[in-house]
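Peer 1: what's the 3D shape of this:
(chains A and B)
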2 protein chains.
Amino acid sequence: MAVALNAVPFISVEGMMKLVLRQGLPAFLVDLARCIEADFARWPSFDKTPRLASHSVDGVIELMPASDGELYGFKYVNGHPSNARTGRQTVTAFGVLADVRSGYPVLLSEMTLLTALRTAAMSALAARHLAGPDARGMAIIGNGAQAEFQAVAFRSLLGIEHVRLHDIDPAATEKCARNLRRLGFSLVTCETAEAAVEGADIITTVTADKQFATILTDNMVGPGVHINAVGGDCPGKTELHRDILLRSDIFVEYAPQTRIEGEIQQLDADHPVTELWQVINGNAPGRTDRAQITLFDSVGFAIEDFAALRHVRGLIGEAPFDPPLDLLADPDDPRDLFGMLMRAEARL
Amino acid sequence: MAVALNAVPFISVEGMMKLVLRQGLPAFLVDLARCIEADFARWPSFDKTPRLASHSVDGVIELMPASDGELYGFKYVNGHPSNARTGRQTVTAFGVLADVRSGYPVLLSEMTLLTALRTAAMSALAARHLAGPDARGMAIIGNGAQAEFQAVAFRSLLGIEHVRLHDIDPAATEKCARNLRRLGFSLVTCETAEAAVEGADIITTVTADKQFATILTDNMVGPGVHINAVGGDCPGKTELHRDILLRSDIFVEYAPQTRIEGEIQQLDADHPVTELWQVINGNAPGRTDRAQITLFDSVGFAIEDFAALRHVRGLIGEAPFDPPLDLLADPDDPRDLFGMLMRAEARL
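Peer 2: Residues are numbered from 1 along each chain as shown, chains lettered A, B, ... in the order given. Below is the predicted model:
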């Protein structure tokens, strides 16, 4: 993209919606999952670090960097469960890609929508490697902002048409059902989590409370199920009873981060887990038998955001929807930043 | 500032120049130093962490977060000495302030200029506490983008009128002298660093090479001098001979970070240093006698950027120069992010 040295290409919320809708959500999610899978396949080439989290009473603010040596990306993301009370999003985010050789940002993008999209694509990608081949029905427990994205991603990548919904707030379930019905899903709304998981081949938990919770108890999880645990993603925030973890084969994104933030914070620090990239690479087995319980203990890792930013950068190509940002100083003589300021006096 | 929930107030490079020029650079620097001093005075109330650095062959990209429990700030900044060859800035930066209670960003600002301003304000603030009371002349070794900001800050805060300039590149010195002459400084340009430091009460080193260098050797530093070492700010990047450090009383911003990045990376890990906030608070002595050599081993710390962002946020007030960014999703029902996307289909 030919832009002036001061300018950084920008994707606003509106621009992101245009980008997704131009292609159609299912196709967008399939391509995004492919992009994440490609970056997971070259996992060892990334400079990785657990995210830098700043916790407060009401929530958390995180910076999530990753680099492949050519591009550097990071995401700013918050998690504030109480935000809904003030009409705000629980999770908002934005991110940046930069050129490692110059350190110059090459994209600044909204990532509230993009995080919802990549989380769903990641979940479905993991399930494609871990769920049983005959999986047809999914329970979604927690019907907030992420729920429908999960449903569409699982339909687009695994052909899941039957979805059972439950939320402690019936209004959330109703909102989710309304959105999914319009897309032709076969839906059952359930008053309890127990009812929701009945007969489900895949169980997705995606609740938002910032506390230890027990969304699933041991008796609710039968043999052969794949659990996609999305909501537990902070120290002190989990969704599954410990006994389920002990019966499951556990797959994670990046073990050093998941041991701090994921469901496995309930387990010993050396409890065996498999990093998903090893499965994608063929270095480790995924599901090995029909009766096995597989658990994707998802917390969200920086490489997913890196892949998502890389993907949307490719999509906007030469024709971004938004004007670029005047974010970087560009004096006539690069060493004369001061002169740029002084000369502006005459102009501004 | 009354903005919609999707919108984040924005300060472009152009907007920052307007802000500085509206007030005038000297007054801006004095107020900025006051703001940094106020935040250093409440140092223990900050959540502090060494910056997160991603090093590559050509440079470094860093994320620098800090929070006081009410506001959270971070800066993205790169350092790429070879950028000048492609007409780019060695250092570019932008930053964000966010509300800790909601996690929502409340300001996104350019910080290439603002970093230059806060670095100069910080240097002059430290010197006001550490240099001799009769200091009248300063040597500036390294006449790149930061040099004039240093000169103006030292004149504004300490009344330094006499400046001696040296750079290994005479064109850099000529550029710097041209800018400063216009502002009425009394200037001497010098062909060697030895000549530049002659008679100087304060020596500022602000070179950009990413390597161990020896800009100052031991014989060049006489008793009573205050050294303001700005350029050495990376592992492997220093400017002063180790013997100077051993003769100096050393003051730093945040010891855990400076031991990794500053001049003191050349010293034992337990070499005594004083954090500047203790001097500002009156808990530790600054300069105690006329013959003492004081050294401010400056690497740049996140609280300075936090203070700078807080300062410009106050200055733009209700009347920012730039339109806000559509950076955060704001669905009609906060839980209905998916519905927002679906409904946009009809509109976009």
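
Peer 1: All the strands of the stretch 51-200 of chain A, residue numbers only.
Peer 2: A:52-55, A:60-67, A:71-79, A:93-99, A:105-110, A:137-141, A:162-166, A:186-189 (DSSP state E, counting those that start in this stretch).

Peer 1: ok now stretch A:324-333, how far from the chain's centre?
Peer 2: The chain centre lies 32 Å from the centre of stretch A:324-333; the measure is C-alpha atoms, centre = their mean, to the nearest Å.

Peer 1: That one - what's its average pLDDT?
Peer 2: Here the mean pLDDT over stretch A:324-333 is 92, rounded to a whole number.

Peer 1: buried set for that stretch?
Peer 2: Within stretch A:324-333, the residues that count as buried by 16 or more other C-beta atoms under 10 Å in any protein chain shown are A:Pro324, A:Leu325, A:Asp326, A:Leu327, A:Leu328, A:Ala329, A:Asp330, A:Pro331. Where you see a C-beta, it was placed from the backbone N, CA and C, and this is true even at glycine.

Peer 1: That stretch near chain B anywhere?
Peer 2: Yes. Judged by C-beta under 8 Å from any C-beta of the partner chain, stretch A:324-333 comes into contact with chain B through A:Leu325, A:Asp326, A:Leu327, A:Leu328, A:Ala329, A:Asp330, A:Pro331, A:Asp333.

Peer 1: B:Asp330 versus the closest residue to A:Ala145 other than its chain neighbours, what's the distance?
Peer 2: With C-beta to C-beta, 6 or more residues apart in numbering or on different chains as the criterion, A:Ala145 has its nearest non-adjacent residue at 4.1 Å, and that residue is B:Leu337. To B:Asp330, B:Leu337 is 10 Å away according to C-beta to C-beta, to the nearest Å.

Peer 1: any common contacting residues for those two?
Peer 2: Both B:Leu337 and B:Asp330 are in contact with A:Gln89, where contact means C-beta atoms under 8 Å, 6 or more residues apart in numbering or on different chains.

Peer 1: Next, the distance between the ends of stretch A:174-188.
Peer 2: With C-alpha to C-alpha, to the nearest Å as the measure, the first residue of stretch A:174-188 is 11 Å from its last.

Peer 1: Quick check: buried residues in it?
Peer 2: For stretch A:174-188, the neighbour count (16+ other C-beta under 10 Å) marks A:Lys175, A:Cys176, A:Ala177, A:Asn179, A:Leu180, A:Phe185, A:Leu187, A:Val188 as buried.

Peer 1: Please apply the same query to stretch A:263-279.
Peer 2: When burial is assessed from 16+ other C-beta under 10 Å, stretch A:263-279 yields the following buried residues: A:Glu263, A:Ile264, A:Gln265, A:Gln266, A:Leu267, A:Val273, A:Thr274, A:Glu275, A:Leu276, A:Trp277, A:Val279.

Peer 1: among those, which two are most distant?
Peer 2: A:Gln266 and A:Trp277 (23.4 Å; C-beta to C-beta).

Peer 1: Just give me the neighbour total for A:Glu304.
Peer 2: Burial of A:Glu304 is recorded as 25 neighbouring residues (other C-beta atoms under 10 Å in any protein chain shown).

Peer 1: That one and A:Met122 touch, don't they?
Peer 2: Yes. Proximity of A:Glu304 to A:Met122 meets the contact threshold set by C-beta atoms under 8 Å, at 5.3 Å.

Peer 1: Name the residues contacting each of these two.
Peer 2: Each of A:Ile36, A:Glu253 lies in contact with both A:Glu304 and A:Met122 under the rule C-beta under 8 Å, 6+ apart.

Peer 1: returning to what we had before: show only the entries of the residues of stretch A:324-333 next to chain B found in strands.
Peer 2: By the criterion of DSSP state E, membership of those in strands covers A:Leu325, A:Asp326.

Peer 1: Closest to B:Leu63 out of the residues of stretch A:324-333 next to chain B?
Peer 2: Of the residues of stretch A:324-333 next to chain B, the one sitting nearest to B:Leu63 (C-beta to C-beta) turns out to be A:Leu327, at 15.9 Å.

Peer 1: Skip the chain neighbours and tell me the closest residue to the closest one.
Peer 2: Nearest residue to A:Leu327 in three dimensions, chain neighbours excluded: A:Val8, at 4.5 Å (C-beta to C-beta, 6+ apart).

Peer 1: And A:Val230, by the same measure?
Peer 2: A:Val206 is the one closest to A:Val230 (C-beta to C-beta, 6+ apart), at 4.2 Å.

Peer 1: Tell me who's in contact with the nearest residue to A:Ala147 once chain neighbours are set aside.
Peer 2: The shortest distance from A:Ala147 to any residue that is not its chain neighbour, by C-beta to C-beta, 6+ apart, is 4.7 Å, and that residue is A:Cys176. For A:Cys176, the set of contacting residues under the criterion of C-beta under 8 Å, 6+ apart consists of A:Ile140, A:Asn143, A:Ala147, A:Glu148, A:Leu165, A:Asp167, B:Phe338.

Peer 1: what would those look like in CSV with pLDDT?
Peer 2: Converted to CSV, the contacts of A:Cys176 look like this (pLDDT from 0 to 100):
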residue, pLDDT
A:Ile140, 98
A:Asn143, 95
A:Ala147, 96
A:Glu148, 98
A:Leu165, 98
A:Asp167, 96
B:Phe338, 95
